[in-house]
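Chemist: Model the following, please.
(chains A, B and C)
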Amino acid sequence: MFKFLKKYSAVIKMTWIQTLEYRANLYVGLFSILSGIFIEYLIWKQIFVARGTELIRGFTLNELVAFIFLSMIVGQLKSSWVTSIEMIDAIRSGGLNKYLIRPISFYTYHLMMFIGQNSLFYMAYFTLIAAFPFIFPGLAFTTNFQVFGFLAALFLAVYLSYNMYYIMVCISFWFHEVRALVIAYNIANIILSGQIIPLRFFPEMYLKIITFTPLPFLVDFPVSIATGQLPTDMWASKFFLGFCWCLITWGIGKTLYYFGIKQYGGYGA
Amino acid sequence: MSIHIQNISKSFTSFKREAGLKGAFQSFINRKYETFHALQNINLDVDSGEIVGILGENGAGKTTLIKLMVGLLYPTDGSIHIDGYTPWKRKNEFLKQISVVMGQKNQLWWDIPASESFLLNQKIYEIPQAEYKKTLEELVQLLNVEDKLNVQVRRLSLGERMKMEIIAALLHKPKFILLDEPTIGLDVISQSKIREFIKFYNEEHNSTFLLTSHYMNDIQALCDRVFVIHKGHGLYDGNFNALVNKIKPQKKLIFEFPHAPAEDMIVSLQQEFEFNLIRNVVTAELPDKQLTKLLGSLFKLDDPVTFSVEELPVEDTMRTFFSNPEKFL
Amino acid sequence: MVRRYLNLWGSFFANSLTRDMEYKANLIGGIIVDIIFYSVQYFFFSIIYSYVDTLGSFTREDVMVFLIITFISDTVYMFLFSGNLFPLNRLVVQGDLDFMLLKPINSQFLVSFRYVKSYAIFSLVILVLMLLRQSSLHSADIGLMNYLYFSISFFCGLVIWYSLDFLIACLTFWFKNFTVGGWLSHELLKFSSRPDSIYTGITRKILFSLVPMALVSSVPARMLLYGLNVKLLMFQITISLSFVIMTFWVWKRGLLRYESASS
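Modeler: Numbers count the residues shown, from 1 in each chain, chains lettered A, B, ... in the order given. Below is the predicted model:
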């Protein structure tokens, strides 16, 4: 176990060095979140004014903005599409060989790389989140319980999301243009996992369908915990369900990889 | 097309960084810059119709010099005139008369046949249709790629691709052509084909060629004259063979006796010359004059079964040279 | 001159088409991504409008027209520029820009128009038909003149978007390996994908001048839906002209930097 940690923490450290090189990424990421929440705020402000109500679906304007803000942050932290495209390219071009001949796992290596690449974002966003009780007093992280619950759920979301991307990556053993699938999923995911509009604002029918998918665990679950929208007595069952989704997606990914690697051509270079 | 390069200097500033996470952090916070002198006070004149080889190790400044000549870089100091044009003004009339081929880069579109890229070049260089057709036919025939014109570039072999790159570069009949490692990575046959072609084209059109190559055979076959750059300074400008002679005037002699020669004779000869004797065979690496003398003495001893005098491999010679160029000049 | 460059663009298009035909899977993938992207935008607004009837001056049916216009400008942009401006960074980093600079034609033109994403033309046709249908269903009377003003305004919007993206891409001359250019411009573009009526105060001023994203699709939509607004159109033309001029200037400065930096 210790050796395992040592090996893969080296991967994380290496990507830090790279990430520091690309500090512009961080600025754009921050700009993305701040401008995004700003636009959402403007739209919802108009809606609240036009309706002349204090509450929509049980949210005040401030509660809603805080919720969306957190959703955007979680949404960005969990999305490993860039890593996935690299993985697909590795499979398609033969770069996978590099992993096959070394004592490292393709799956774990990229998971660590993804976390490492995002480390700057984690730092920056956690600073933002730490300021939450001051920006939106009483709207999120009111108890320590919520803070730890959020962190646990965030970890689950990142891991689950990585597994879902990994399934798509493995499909590229059989099909050429899986990149488009990843990009399409990523775009659809922005709305379907509730990154810009909370899931509970969706029409009833969509909401019903979505509860049968892992999608609510990607963004809505951690944010609901942080903002106290999810009653504490439901946490255990939700965490259990989320954990099951992780297992299922992990299993599918492993199975696809198991069969895919037999299919894999090696491709020289 | 004549080239006048006067007192050209070029320096770059870049930021330096230490390795590792600590270095990355440091450069994140505060970057340190340093100046690098790529070229210092270079002078070179080339007449129309010449083929001049530019020699130098990696990082000596060859590419910088080439880039200055085609106007991709501004010099820090000095001037360049090519047929009266200043390259870095990049006037269209000037650009229409030059061409650059880089062995490691390709300008052809990867996924479509070369012929389509040629058509694009026709439009870019505004080549009249009749002239375009004639030139293309001529080049295609000379390089022997008639049947490859309509094949996607990515399906071509490296040698064929290089030939296509050369055609693309010559369609507009440039008067001044820069070849940067044109034969890199090619097999021996393709290399010599391309060499022959360059030689022929140069004689036919009297166009000026500048050439860099890691293969000394390229240089020896094509360039009478070379210009050597070392650490940004011009070190030598003149005949290539003269340079080789200067560095290593030795030639290699192999002389085979019918019977083992008398030992005392050999011992006395060995006091005068440096050579080896293994059974019946004498081998020696000596400068011209000494070699002739030795040969004379050996003939006096006995008639040989066979003998030969060879040049030393030019690659080795140049390696010796670049290990310490100042020593030889 | 203009003919020569149109002719050149024709060659670019022909070559791109030849290439894109080779990769059918790419083409289908591209279309799928487009459709998902459009659906997501549609879904977003359909949720928003289930809570409200108008966003400022834009009613639900106005926003549908607006949406299609944003799709069209997105597609035209994809068609012409997306294959060119993103990769500028790579050209600069790897030094392949050299080849473009050695051609006896305007280098900004070559860099901006070289690759055409030819498959976008399918989406474009469908979207234009959709726009015609949606605007004929619209309760307001949209006359032929509205289409004319819309076209002018749309063209200006495209020019502005091109210029802004080009300027961002040019940052690669100043920041070594500026890989985030594409992302940054995508984030800016977000402002143009929401109707301008949500912006107020200083934001509105900025989006109409310094970062004129509101002029990209909201103003063309206004011309189509609400008819000519001379002042606004004149303003848009002025802004787009000044942005294009800015790109010329920045390109020149950038090349100077490229030439003195590369080795």
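Chemist: Would you mind listing what in the stretch 101-250 of chain A touches chain B?
Modeler: Within the stretch 101-250 of chain A, not a single residue sits near chain B (CB under 8 Å from any CB of the partner chain). (Each C-beta comes from the backbone N, C-alpha and C, glycine too.)
Chemist: Tell me which residue in the stretch 101-250 of chain A sits closest to chain B.
Modeler: Per CB to the nearest CB, residue A:120 is where the stretch 101-250 of chain A lies closest to chain B, at 10.0 Å.
Chemist: Check for me that that residue belongs to a helix.
Modeler: Yes - per DSSP: H, G, I helix; E, B strand; the rest coil, residue A:120 lies within a helix segment.
Chemist: Do a quick rundown of the helices in the stretch 101-250 of chain B.
Modeler: B:114-124, B:129-143, B:158-170, B:188-205, B:216-222, B:240-247 (DSSP state H, counting those that start in this stretch).
Chemist: Of those helices, which stretch is the most buried?
Modeler: helix B:158-170 (a mean of 22; mean count of other CB atoms under 10 Å in any protein chain shown).
Chemist: Any regions of chain B where pLDDT drops low?
Modeler: B:14-32 (pLDDT under 70).
Chemist: Name all residues that make contact with the spatially closest residue to residue C:221 that is not a sequence neighbour.
Modeler: Nearest in space to residue C:221, with sequence neighbours left out and distances taken as CB to CB, 6 or more residues apart in numbering or on different chains, is residue C:66 at 4.3 Å. Counting by CB atoms under 8 Å, 6 or more residues apart in numbering or on different chains, residue C:66 touches C:58, C:195, C:217-218, C:221, C:225.
Chemist: Nearest to residue B:305, out of the helices of the stretch 101-250 of chain B?
Modeler: Nearest of the helices of the stretch 101-250 of chain B to residue B:305, taken as CB to CB: helix B:240-247 at 29.8 Å.
Chemist: hmm, who's touching the following helix or strand past the closest one?
Modeler: With elements assigned by DSSP states H and E, the helix or strand that comes after helix B:240-247 is strand B:250-256. By CB under 8 Å, 6+ apart, the list of residues contacting strand B:250-256 from outside reads B:275, B:280-288, B:291, B:294-295, B:298, B:304-312.
Chemist: for stretch B:68-81, same thing?
Modeler: Counting by CB under 8 Å, 6+ apart, B:3-11, B:39, B:41-42, B:64, B:67, B:82, B:86-90, B:94-95, B:98, B:100, B:178, B:210, C:98, C:101-102, C:256, C:259-260, C:262 sit against stretch B:68-81.
Chemist: what about residue C:5, how many neighbours?
Modeler: Counted by other CB atoms under 10 Å in any protein chain shown, the residues lying close to residue C:5 total 15.
Chemist: what does residue B:300 give?
Modeler: Residue B:300, neighbours per other CB under 10 Å, totals 9.
Chemist: where's the closest residue to chain C within the stretch 151-269 of chain A, which helix or strand?
Modeler: Residue nearest to chain C within the stretch 151-269 of chain A: residue A:180 (2.7 Å; CB to the nearest CB). Assigned by DSSP H and E, residue A:180 belongs to helix A:178-192.
Chemist: between the helices of the stretch 101-250 of chain B, which gets nearest to residue C:252?
Modeler: Comparing the helices of the stretch 101-250 of chain B by their distance to residue C:252 (CB to CB), the top pick is helix B:114-124, with 20.5 Å.
Chemist: That closest one near chain C at all?
Modeler: Yes - contact between helix B:114-124 and chain C, assessed by CB under 8 Å from any CB, occurs at B:116-117, B:119-120, B:123-124.
Chemist: filter those residues down to the ones close to chain A.
Modeler: Of the residues of helix B:114-124 next to chain C, not one also sits near chain A (CB under 8 Å from any CB).
Chemist: Pull up the residues of the stretch 101-250 of chain B that are close to chain C.
Modeler: Residues of the stretch 101-250 of chain B lying near chain C by CB under 8 Å from any CB: B:102, B:105, B:107, B:109, B:111-113, B:116-117, B:119-120, B:123-126, B:152.
Chemist: one step back: restricted to helices, list the contacts of residue C:66.
Modeler: C:218, C:221, C:225 (DSSP state H).
Chemist: could you dump those residues to CSV with neighbour count?
Modeler: Below are those laid out as CSV (neighbours: other CB atoms under 10 Å in any protein chain shown):
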residue, neighbour count
C:218, 27
C:221, 24
C:225, 21
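Chemist: re earlier: show the pLDDT at the residue nearest to residue C:221.
Modeler: pLDDT for residue C:66: 94.
Chemist: ok, now residue C:114?
Modeler: 92.
Chemist: mind listing what it touches?
Modeler: C:12, C:83-84, C:100.
Chemist: how about the helices of chain C, start to end?
Modeler: C:2-22, C:24-48, C:60-77, C:83-85, C:88-94, C:97-101, C:107-113, C:120-137, C:144-170, C:181-189, C:201-208, C:218-226, C:230-261.
Chemist: Repeat that for the stretch 1-150 of chain A.
Modeler: Residue ranges of the helices in the stretch 1-150 of chain A, as given by DSSP H, counting those that start in this stretch, are A:2-21, A:23-51, A:61-78, A:81-93, A:97-100, A:106-117, A:119-130, A:132-135, A:144-171.
Chemist: buried residues in stretch B:76-94?
Modeler: Residues B:76, B:78, B:80, B:82-83, B:85, B:87-88, B:90, B:94 are the ones in stretch B:76-94 that count as buried (16 or more other CB atoms under 10 Å in any protein chain shown).
Chemist: For it, what is the distance to the chain centroid?
Modeler: Relative to the chain's own centre, stretch B:76-94 is displaced by 23 Å; criterion: CA atoms, centre = their mean, to the nearest Å.
Chemist: With only the CA atoms kept, save that stretch in PDB.
Modeler: The C-alpha coordinates for stretch B:76-94 follow below in PDB (Å, rounded to 0.1, in the frame of the first residue of the first chain):
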ATOM      1  CA  THR B  76      20.100  42.500 -33.700                       C
ATOM      2  CA  ASP B  77      22.700  44.200 -35.800                       C
ATOM      3  CA  GLY B  78      24.000  44.300 -39.300                       C
ATOM      4  CA  SER B  79      22.500  44.000 -42.800                       C
ATOM      5  CA  ILE B  80      21.500  41.500 -45.400                       C
ATOM      6  CA  HIS B  81      20.800  42.300 -49.000                       C
ATOM      7  CA  ILE B  82      19.600  39.600 -51.400                       C
ATOM      8  CA  ASP B  83      19.400  41.000 -54.900                       C
ATOM      9  CA  GLY B  84      18.800  44.400 -53.300                       C
ATOM     10  CA  TYR B  85      15.900  43.200 -51.100                       C
ATOM     11  CA  THR B  86      16.100  43.300 -47.300                       C
ATOM     12  CA  PRO B  87      14.700  39.900 -46.300                       C
ATOM     13  CA  TRP B  88      12.800  40.900 -43.200                       C
ATOM     14  CA  LYS B  89      10.700  43.400 -45.000                       C
ATOM     15  CA  ARG B  90       9.200  40.300 -46.600                       C
ATOM     16  CA  LYS B  91       8.100  42.000 -49.800                       C
ATOM     17  CA  ASN B  92       6.000  39.800 -52.000                       C
ATOM     18  CA  GLU B  93       8.400  40.200 -54.900                       C
ATOM     19  CA  PHE B  94      11.100  38.900 -52.700                       C
END
